[in-house]
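1. Compute the structure for the input listed below.
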Amino acid sequence: MSRPHVRARGVATNAAGRFEQFETETCTDGWELEEDLPPLRTEVRTEVARSLITYNRSPDLPFDRSINPYRGCEHGCVYCFARPSHAYLGLSPGLDFETRLIARPNAAAVLRKELSSPRYKVATIALGTNTDPYQPIERDLRITRECLSVLRDFRHPIGIVTKGALIERDLDILAEMAQDGLVRVGISLTTLDADLSRRMEPRAPSPNRRLAAIRRLTGAGVPVRVMTSPLVPGLTDHELEALLEAGRDAGADAASWIMLRLPREVSTLWQEWLHDHEPARAEKVMSKLREMHGGRDYDPRWGHRMRGEGEYAALIAKRFALAVKRLGLATRMPPLRSDLFARPAQPGDQLALF
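-> Residues are numbered from 1 along each chain as shown. From the prediction side, this is the model:
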């Protein structure tokens, strides 16, 4: 189904997922009446999680496990690489991804059970790798905070990735964990242009608000990495140095970058957005992306998908390296502590004699 004008949403279409047999579309019924479509509101359904920790073996990622309290993301970032995952639920990677969300209210209980297993081997858990753990619905549901409390109880290392300023709510837990070297936070900063951000990431905090979150976090002793991700060639790439400097000035001590990725349905959604919002730049953006991916919109190969290859990709990498050196930002940080991990006493446990 197509909705040509959807207020405060990242995309304007809701094409069926790639596993669906049927597709619907709007059409006129012959009556020439001007009727506004009803507001497209966010729906939240619940899912009973059987497991929470997901393991991966990707050489592109600095972690081997992650947790995600939610499926779908109300921030509505048009470029989100996680959009295709909604197709596995029988939903559209388009508007469904940002309006039909899945919450996992038993996530903290399942996480506690998994960490309590005698077979569990501790290593840093990544939170927010697929969808943002601090998206707007977290304000009421508080599932991320419950999971964070479990990780604190177990003194378990965790890396968080978010755009959400709601992370400031959990400074009490994060500051405590930071004192023991158990947490790092990555804040994604895609552009300093508030108008462009609003159009690309309609329900995410503004660039200035994210910088304020970095200041709050680092002021409380929580180490933060500024993530210039995704970097969009021909649209935001000229801001690379300014983004890094703004993050550094806000208190970030490390930085990273990832090039725009367009897996599966994201490519079509992104190109529709370009032609609607940045038609004069559309050809240049896609030309640069294809140049880095061997003529394709996206190359999913490990070692290539995050940054591409070729002269343009090498130029961005060089600019990044020079900027972080000038600004004193780290690109690699020492690992978080795993030696403090301990399973807290559970009801029914036999008490120790000493």
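2. How much space separates the nearest residue to residue 163 once chain neighbours are set aside from residue 191?
-> Using C-beta to C-beta, 6 or more residues apart in numbering and skipping residues adjacent in sequence, the residue nearest residue 163 is residue 204, 4.5 Å away. Any C-beta I mention is one placed from the backbone N, CA and C, and that applies to glycine too. Residue 204 sits 11 Å away from residue 191 when distances are taken as C-beta to C-beta, to the nearest Å.
3. Return every residue with contacts to both of those two.
-> residue 197 (C-beta atoms under 8 Å, 6 or more residues apart in numbering).
4. Looking at these two, which is more packed in?
-> Legend: neighbour count by other C-beta atoms under 10 Å for residue 204 and residue 191, higher for residue 204 (27 against 20).
5. Wait, the residue nearest to residue 163 touches residue 194, no?
-> No. Residue 204 is not in contact with residue 194 according to C-beta atoms under 8 Å; the separation is 11.3 Å.
6. What segments of the stretch 151-300 of the chain are strands?
-> In the stretch 151-300 of the chain, the segments counted as strands under DSSP state E, counting those that start in this stretch are 158-162, 183-188, 224-231, 254-259.
7. what would those strands look like in a markdown table with distance to residue 61?
-> Below are the strands of the stretch 151-300 of the chain laid out as a markdown table (distance: least, C-beta to C-beta, whole Å):
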| stretch | distance to residue 61 |
| --- | --- |
| strand 158-162 | 11 |
| strand 183-188 | 13 |
| strand 224-231 | 13 |
| strand 254-259 | 11 |
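8. Got the phi and psi for the closest residue in space to residue 154 that isn't next to it in sequence?
-> Leaving aside its sequence neighbours, residue 154 sits nearest to residue 115 (C-beta to C-beta, 6+ apart; 5.1 Å). In this entry, residue 115 is assigned phi and psi values of phi -70, psi -20 (degrees, to the nearest 10).
9. ditto for residue 103
-> Torsion angles, degrees, to the nearest 10, at residue 103: phi -110, psi 150.
10. Low-confidence regions, this structure specifically.
-> Along the chain, the parts satisfying pLDDT under 70 run over 1-5, 16-39, 347-354.
11. same thing but at 50, please
-> Scanning the chain for pLDDT under 50 picks out the ranges 1-4.
12. tell me which residues of the longest helix seen in it are tucked away?
-> With secondary structure taken from DSSP state H, the chain has its longest helix at helix 311-327. For helix 311-327, a neighbour-count test (16 or more other C-beta atoms under 10 Å) marks 312, 313, 316, 320, 323, 324, 327 as buried.
13. how about those in JSON lines, adding distance to residue 136?
-> Formatted as JSON lines, the buried residues of helix 311-327 follow (distance: C-beta to C-beta, whole Å):
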{"residue": "312", "distance to residue 136": "36"}
{"residue": "313", "distance to residue 136": "34"}
{"residue": "316", "distance to residue 136": "32"}
{"residue": "320", "distance to residue 136": "31"}
{"residue": "323", "distance to residue 136": "32"}
{"residue": "324", "distance to residue 136": "32"}
{"residue": "327", "distance to residue 136": "32"}
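14. Now for those: which two are most distant?
-> The distance between the two most remote of these (C-beta to C-beta) is 22.5 Å, for 312 and 327.
15. Would you map the helices across the stretch 251-354 of the chain?
-> 265-277, 282-292, 311-327 (DSSP state H, counting those that start in this stretch).
16. how about a markdown table for the ones you listed, with distance to residue 221 added?
-> Shown next, in a markdown table, are those (distance: least, C-beta to C-beta, whole Å):
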| stretch | distance to residue 221 |
| --- | --- |
| helix 265-277 | 37 |
| helix 282-292 | 38 |
| helix 311-327 | 21 |
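17. which residues touch the residue nearest to residue 308 when sequence neighbours are not counted?
-> Nearest residue to residue 308 in three dimensions, chain neighbours excluded: residue 292, at 2.9 Å (C-beta to C-beta, 6+ apart). Residue 292 makes contact with 233, 259, 299, 307, 308, 309, 310, 312, 313, according to C-beta under 8 Å, 6+ apart.
18. Can I have the buried ones of those residues as a ChimeraX selection?
-> Listed next is the ChimeraX selection for buried residues among those, using 16+ other C-beta under 10 Å:
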select :233,259,299,307,308,312,313
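19. any chance of the contacts of residue 292 in CSV, plus distance to residue 241?
-> Formatted as CSV, the contacts of residue 292 follow (distance: C-beta to C-beta, whole Å):
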residue, distance to residue 241
233, 15
259, 16
299, 26
307, 17
308, 19
309, 22
310, 21
312, 16
313, 17
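20. Closest to residue 119 out of the contacts of residue 292?
-> Nearest to residue 119 among the contacts of residue 292, with distances taken as C-beta to C-beta, is residue 307, at 36.0 Å.
21. Give me the distance from stretch 190-210 to the chain's centre.
-> In terms of C-alpha atoms, centre = their mean, to the nearest Å, the centre of stretch 190-210 is found 14 Å from the chain centre.
22. And for stretch 61-68?
-> Relative to its parent chain, stretch 61-68 has a centroid offset of 12 Å by C-alpha atoms, centre = their mean.
23. try stretch 297-306
-> Here stretch 297-306 is found 18 Å from its chain centre; the criterion is C-alpha atoms, centre = their mean.
24. Please work out how many residues are found near residue 287.
-> If we define neighbours as other C-beta under 10 Å, then residue 287 has 12 of them.
25. again with residue 172
-> Per other C-beta under 10 Å, the neighbour tally for residue 172 reads 11.
26. from now on call the first residue 6
-> With the count now opening at 6, the last piece we talked about shows up as residue 177.
27. Can I get stretch 114-127 in CSV? Just the C-alpha atoms.
-> Output in CSV follows, covering the C-alpha atoms of stretch 114-127 (Å, rounded to 0.1, in the frame of the first residue of the first chain):
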residue,chain,number,x,y,z
ALA,A,114,14.0,-12.3,32.9
VAL,A,115,15.3,-14.3,29.9
LEU,A,116,18.6,-12.5,30.0
ARG,A,117,19.0,-13.2,33.7
LYS,A,118,18.3,-16.9,33.1
GLU,A,119,20.9,-17.0,30.2
LEU,A,120,23.6,-15.3,32.2
SER,A,121,22.9,-17.6,35.2
SER,A,122,23.7,-20.7,33.2
PRO,A,123,26.9,-22.4,34.4
ARG,A,124,27.8,-22.9,30.7
TYR,A,125,27.7,-19.2,29.9
LYS,A,126,31.1,-17.6,29.0
VAL,A,127,31.3,-13.9,29.6
